[in-house]
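1. how does the following fold in three dimensions:
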Amino acid sequence: MKKTILNDLILILFIPILFSIFAFVPFLYSFYKSFNSSHPYIMSFIKFAILATYGEIAAYRISNKKYPDKGFGIFPKMLVWGILGVFIKAAFVIFSKGAIALLVSINKNFPVNILATQGISLLKILASFTISLTMNIIFAPVMMLTHKITDLYIIKAGGTFKGIFKTRFKFTELLSNVDWKNFGGFVLCKTIPFFWIPAHTITFLLAESYQVLFAALLSVALGLFLAYKPIRK
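-> Sure thing, here's the model as predicted:
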């Protein structure tokens with residue numbers, strides 16, 4: 001019982017402590033900004049590996065009223081989330097440029113550097129919304145399905161790297177195990193239009209150095225929300 005209370009305390013304080021360390025230690029904050037600027041993809045890997053996996057653990061704790069066992073596969077999940085984080089960063093770059101190019105093709109007078117301007121304006125909101133809309137319609141479904149399939153594979157492998165290398169990978173079998181009704185009806189048709197598109201509109205209004213971090217925190221927030229939902233019901 002005492003161990004569970006201690007783990008819950010660590011789970012609750014993890015993010016506040018993590019951010020406090022960087023906020024109140026100037027050297028660490030300067031190092032973060034410098035390293036993030038020089039190695040954005042490595043930092044994207046680290047941010048998603050830590051924060052998105054943390055979100056899954058917290059969601060599991062809330063939904064199941066216990067902590068995940070070995071079969072949950074914390075470290076394989078961290079690896080998967082880290083790799084997805086790299087692709088998410090790449091998607092941010094691709095769709096940030098592509099969506100602005102789309103708006104310019106519609107209206108040649110649209111300011112190309114609108115996202116670099118100070119403050120908030122209607123044109124800046126329009127640009128951020130267009131980036132979020134195109135990214136979440138084109139990239140997000142593929143990314144979400146990839147995560148679901150890798151999740152199923154990790155569970156099938158017993159949550160260990162050893163099991164992953166020993167377990168035979170049958171892609172069609174994993175596809176057949178996906179809950180397509182939930183994936184299509186809820187994940188795609190509800191979380192994308194009602195959560196991800198509005199949330200990522202805010203993301204692209206932020207400075208570029210904070211966008212991936214904010215996106216990783218959004219994955220934590222959504223995980224906690226979805227975990228809390230069945231308890232309310």
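2. CA atoms for contacts and neighbours, from now on please.
-> Noted.
3. max-length helix in the protein?
-> Looking across the chain with DSSP state H, the single longest helix is helix 74-106.
4. which helices and strands sit right next to the following helix or strand past that one?
-> Once helix 74-106 ends, the next helix or strand along the chain (criterion: DSSP states H and E) is helix 122-138. Helix 122-138 sits against helix 74-106, helix 197-203, with contacts defined as 3 or more Cα pairs under 8 Å, 6 or more residues apart in numbering; DSSP states H and E.
5. next, the buried residues of helix 122-138.
-> For helix 122-138, a neighbour-count test (16 or more other Cα atoms under 10 Å) marks 124-125, 127-136 as buried.
6. can you check stretch 182-198 too?
-> Going by neighbour count (16+ other Cα under 10 Å), the buried part of stretch 182-198 is 183, 187-188, 192, 196-197.
7. next, the angle from the strand or helix carrying residue 62 to helix 74-106.
-> Per DSSP H and E, residue 62 falls inside helix 40-64. Here helix 40-64 runs at an angle of 120 degrees relative to helix 74-106 (axes from the mean of the first three to the mean of the last three Cα atoms, to 10 degrees).
8. and helix 40-64, what's its mean pLDDT?
-> Helix 40-64 shows a mean pLDDT of 91.
9. for it, name the packing helices and strands.
-> In terms of contacts (3+ Cα pairs under 8 Å, 6+ apart), helix 40-64 is packed against helix 74-106, helix 208-232.
10. closest to residue 24 out of those helices?
-> Within those, the stretch nearest residue 24 is helix 208-232; the backing value is 17.5 Å (Cα to Cα).
11. who does that closest one touch, helix- and strand-wise?
-> Other helices and strands packing on helix 208-232, by 3+ Cα pairs under 8 Å, 6+ apart, are helix 26-38, helix 40-64, helix 197-203.
12. for those, give me TSV that also has distance to residue 107.
-> Below are the helices and strands packed on helix 208-232 laid out as TSV (distance: least, Cα to Cα, whole Å):
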stretch	distance to residue 107
helix 26-38	32
helix 40-64	32
helix 197-203	20
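13. for residue 166, find the nearest of those helices.
-> With Cα to Cα, the closest approach to residue 166 among these belongs to helix 40-64: 23.3 Å.
14. next one: the closest one to chain centre, how far?
-> Relative to its parent chain, helix 40-64 has a centroid offset of 8 Å by Cα atoms, centre = their mean, to the nearest Å.
15. now that helix and helix 26-38, what's the angle there?
-> Helix 40-64 and helix 26-38 are oriented at 110 degrees to each other (the same axes, to 10 degrees).
16. ok, and what's touching helix 40-64?
-> Helix 40-64 has contacts (Cα atoms under 8 Å, 6 or more residues apart in numbering) with 11, 35-36, 66-68, 74, 77-86, 89, 212-213, 216-217, 219-221, 223-224, 226-228, 230-231.
17. on that earlier part again, can I get the helices and strands packed on helix 122-138 in a markdown table with distance to residue 141?
-> A markdown table is the format used below for the helices and strands packed on helix 122-138 (distance: least, Cα to Cα, whole Å):
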| stretch | distance to residue 141 |
| --- | --- |
| helix 74-106 | 12 |
| helix 197-203 | 12 |
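18. would a markdown table of these with distance to residue 164 and mean pLDDT be doable?
-> Listed next are those as a markdown table, based on distance: least, Cα to Cα, whole Å; pLDDT from 0 to 100:
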| stretch | distance to residue 164 | mean pLDDT |
| --- | --- | --- |
| helix 74-106 | 9 | 95 |
| helix 197-203 | 33 | 96 |
